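*Asks:* what follows is a predicted structure for the sequence shown.
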Amino acid sequence: GQAERELAAATERRDALVAELSTALDHREMAAIGERLSAAQAAVDAAEEAWLTLADEAEGLGLDL
């Protein structure tokens with residue numbers, strides 16, 4: 001569903017930033033990527049929380065995911 005797609009997209013953005021950080025050449029670039037990575041991780045956390053909430057609601061209704 002929508003929550004799964006949002007979680008996958010947020011995770012993909014975060015993982016791309018992790019890869020970018022590993023190739024950063026100077027501390028300013030690392031700091032900038034680090035800030036974007038922090039925001040990306042917050043988006044992953046929010047998407048995971050939304051997915052878990054929906055999964056709990058579905059379970060409460062007796063639905064299988």
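*Replies:* Cool, got the structure.
*Asks:* pLDDT weak spots in the chain?
*Replies:* Applying pLDDT under 70 to the chain picks out residues 65.
*Asks:* helices of that one, residue ranges please.
*Replies:* Counting by DSSP state H, the chain has helices at residues 2-22, 27-60.
*Asks:* got JSON lines for those, with mean neighbour count too?
*Replies:* Quick note: C-beta positions are derived from backbone N, CA and C, even for glycine. As requested, these are exported to JSON lines (neighbours: other Cβ atoms under 10 Å):
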{"stretch": "helix 2-22", "mean neighbour count": "14"}
{"stretch": "helix 27-60", "mean neighbour count": "14"}
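*Asks:* grab the most central residue of this protein for me.
*Replies:* Against the mean C-alpha coordinate of the chain, by Cα atoms, centre = their mean, the closest residue is Val44 at 2.2 Å.
*Asks:* ok, that one - contacts?
*Replies:* 7, 10-11, 14 (Cβ atoms under 8 Å, 6 or more residues apart in numbering).
*Asks:* any chance of the residues you listed in CSV, plus distance to Trp51?
*Replies:* CSV is the format used below for the contacts of Val44 (distance: Cβ to Cβ, whole Å):
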residue, distance to Trp51
Leu7, 5
Ala10, 10
Thr11, 11
Arg14, 15
